[in-house]
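Peer 1: Here's my sequence, what's the structure:
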Amino acid sequence: MSIEKQVPKLAFMVLLVIVPKIRARGSCLEAKLCCPGRDSSCVVQKAPLNSIIEDLTDRPCYCDHACLKVGDCCYDFKEACRVVNCEVSDWGPWSKCDADCGPGMMTRQRFVLKSPQNGGEQCPELSQKRGCAGTKCEDANRSQKALKETALILRGEFSKMRTMNATHDIRKNLRLRYPKDPAKERSQEYCVVFEITKSHHKCSSLAEDAAKLKKGDRVCVACEEAAMRKHLGYRCTGHGVDGKATRWAALDTSNCHGRWVRMSEHSVCPCHSDPTPDFIFV
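Peer 2: Numbering: from 1, shown residues only. You can find the predicted model right below:
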């Protein structure tokens, strides 16, 4: 192809490059125009309609919100129409892993400080997630084990019988110094409050104590030192998990058993003004 034939084409390409860089002189403020959404009639045009535009700065410009995407806004559109872009805060810290053991998820969030207005940039994502792995597998396994245990209980009056012959215990007279277990030294007796959710009809033979083992009743069960188990970290068997249902069985009455839900744990039994518990763990 000859150079003469290429000149018009090259001139047209140069024009395409130059035109977008020439800013229209139209003013939204002077025209008192500011239209929401897309509105082709929201235009500022100095030259008469359908006339040939000789001065490129006189080409039409728009004052509708869609001009931000098309790129044909009047020079003062953002100021005249008060275009506000969305502003967000910095990311907050990552949350803890939602799984105590194994695969889980962590999240973080940020918040909108200034909402977009008049076609301004929309807000970016406000929440993010990422995978994580829970490392408290020992605690999770301990809780699962506690859910499978059955609490063996006796009436609270049996608590006093454990200390009746305490002064005659021959082990207290032995002059042998056994090494102390730090975990045992830190352990303390405690009391757990349960709510009965199920009770076998045989429990009625417990006479006056039967009322404390009916569905809906709350009972205080003491975990005393004599019932603490070393392999369980010096706690009582069957002391349950907060908010979870576990099993119990009364040893002094045949076939008296049921289910209860652990409500809370205390250093002193709060069920009565008398600190004597309703029941004790065995």
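Peer 1: now K184, what's its secondary structure?
Peer 2: The three-state label given to K184 by DSSP: H, G, I helix; E, B strand; the rest coil is helix.
Peer 1: Please disregard the earlier target; I meant R82.
Peer 2: Recorded secondary structure, R82: coil (three-state DSSP).
Peer 1: Apart from its chain neighbours, what residue comes closest to it?
Peer 2: N118 (5.7 Å; Cβ to Cβ, 6 or more residues apart in numbering). From N, CA and C alone the C-beta is placed, and that goes for glycine too.
Peer 1: got it, and C191?
Peer 2: Spatial nearest neighbour of C191, excluding adjacent residues (Cβ to Cβ, 6+ apart): C269 at 3.9 Å.
Peer 1: The one you found: which element?
Peer 2: Using DSSP states H and E, C269 sits within no helix or strand.
Peer 1: Relative to M228, how far out is it?
Peer 2: 16 Å (Cβ to Cβ, to the nearest Å).
Peer 1: what are the phi and psi angles of the nearest residue in space to R229 that is not next to it in sequence?
Peer 2: Excluding the flanking residues, the one nearest R229 by Cβ to Cβ, 6+ apart is T237, at 5.9 Å. The phi/psi pair for T237 (degrees, to the nearest 10) reads phi -70, psi 130.
Peer 1: list the contacts for T237?
Peer 2: By Cβ atoms under 8 Å, 6 or more residues apart in numbering, T237 lies in contact with E149, T150, A151, L152, A227, R229, F281.
Peer 1: show me what contacts the closest residue to the second one other than its chain neighbours?
Peer 2: In this structure, T150 finds its nearest non-sequential neighbour in R247, 4.3 Å apart by Cβ to Cβ, 6+ apart. Contact analysis of R247 by Cβ under 8 Å, 6+ apart lists E149, T150, A151, G238, H257, G258, R259.
Peer 1: Which pair of those residues spans the longest distance?
Peer 2: Using Cβ to Cβ, the contacts of R247 span at most 14.5 Å, a distance reached by E149 and G258.
Peer 1: circling back: from T237, how far out is the residue nearest to T150?
Peer 2: In terms of Cβ to Cβ, R247 sits 11 Å off from T237.
Peer 1: After the helix or strand bottoming out on mean pLDDT in the chain, which helix or strand is next?
Peer 2: For the chain, using mean pLDDT, DSSP states H and E, the weakest element among its helices and strands is helix 3-18, scoring a mean of 43. Later in the chain than helix 3-18, the nearest helix or strand by DSSP H and E is helix 28-31.
Peer 1: Give me the contacts around that following helix.
Peer 2: C34, V44, C63, C73, C74, D76, F77, E79, A80, C81.
Peer 1: which stretches of the protein aren't confidently modelled?
Peer 2: Residue ranges of the chain with pLDDT under 70: 1-25, 46-58, 138-141, 160-179, 205-211, 273-274.
Peer 1: Show the residue spans covered by the strands in it.
Peer 2: 43-44, 61-62, 87-88, 101-109, 112-114, 127-135, 150-155, 190-199, 218-223, 228-229, 235-236, 245-250, 257-266, 279-281 (DSSP state E).
Peer 1: Give the other helices and strands that the second one contacts.
Peer 2: Yep, that's strand 61-62 we're talking about. Under the contact criterion of 3 or more Cβ pairs under 8 Å, 6 or more residues apart in numbering; DSSP states H and E, strand 61-62 touches strand 43-44.
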